[in-house]
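**Q** sequence? don't have it. structure:
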Ligand code: GLP
């Protein structure tokens, strides 16, 4: 795992956005895996700014979102489809027909999930998957005890996740307790994965992800088994880590090596 510890949330957003921009500029018809939640919002703002400044175009990009609430239509303000349109898609030059979010209004969730997987496969899979992380270590909506080889399916949310996301819903408003989510096995098929996290309330989950055992109880810990993962965090999210100095040292050594290779070549 590559572990990048930065000063603050803005640096995390900037770094994450740059990785995505580089990926698109290398391959303009790239397939991105995208995430919702508050963590990626600043990163998406950085992408919008880069698009406005002509540094990147999303015209040929295809996107697959991780998850959606089951029972919300795409025009519901708390649906993840609505979030993505508002926070990113409506502000850039992406073709909305090439943006995929599981359909939360489906009457046949099993078929919707199978079709979602088939569509991802047909379009060549995800090149770079962006992830946030829940306080309990969930990725997408894969809650603790999710099978580490699971596929896109219906998942029941934990009370903790429902509580954590309550802030987005109005008092008394229907808040789904079920979701459609890419499975952990699905996520692991992305060629590259970037997980971002900021703030002290993510410190425990980050500690378990990076330094804990691989365990279904912390779904993000499976990323230890992926060959191309970058975890980008701020100082607060790094608070539980035992070995931050070593991770920073690795990054310095990597930069030196890259510079030497550039000079030589
Ligand atoms: C939700 C999403 C996750 C996200 C998590 C953390 O549960 N399904 O994909 O990573 O929330 O959200 P936040 O970034 O708001 O802390």
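**A** Here it is on my side, so go on. As the structure is a prediction and not an experimental result, all values here were calculated from the model.

**Q** Does stretch 95-107 reach the ligand?
**A** No: Stretch 95-107 is not in contact with the ligand by Cβ under 6 Å from any ligand atom; minimum separation 11.2 Å. For glycine as for every other residue, the C-beta is placed from the backbone atoms N, C-alpha and C.

**Q** okay, how far is it across that stretch, tip to tip?
**A** Stretch 95-107 stretches 26 Å from its first residue to its last (Cα to Cα, to the nearest Å).

**Q** Count the residues that sit near residue 53.
**A** Residue 53 has 8 neighbours, counted by other Cβ atoms under 10 Å.

**Q** Can you tell me the closest non-neighbouring residue to the closest residue to the ligand within the stretch 151-265 of the chain?
**A** Going by Cβ to the nearest ligand atom, the ligand is nearest to residue 161 of the stretch 151-265 of the chain, at 5.3 Å. Once flanking residues are discounted, residue 161 sits nearest to residue 134: 5.8 Å by Cβ to Cβ, 6 or more residues apart in numbering.

**Q** Doesn't residue 230 belong to a helix?
**A** No: the assignment for residue 230, made by DSSP: H, G, I helix; E, B strand; the rest coil, is strand rather than a helix.

**Q** in the sheet, who's paired with it?
**A** residue 2, residue 194 (DSSP bridges).

**Q** helix or strand for the residue of the stretch 151-265 of the chain closest to the ligand, which one?
**A** helix 159-165 (DSSP states H and E).

**Q** mind checking how far that helix is from the chain centre?
**A** How far helix 159-165 lies from its chain's middle: 18 Å, per Cα atoms, centre = their mean, to the nearest Å.

**Q** Renumber starting at 25 from here on
**A** Will do, 25 is the new start, and the previous item becomes helix 183-189.

**Q** residues in contact with the following helix or strand past that helix?
**A** Once helix 183-189 ends, the next helix or strand along the chain (criterion: DSSP H and E) is strand 202-205. Strand 202-205 is contacted from outside by 90-95, 126-128, 130, 133, 136-137, 140, 164-166, 176-181, using Cβ atoms under 8 Å, 6 or more residues apart in numbering.
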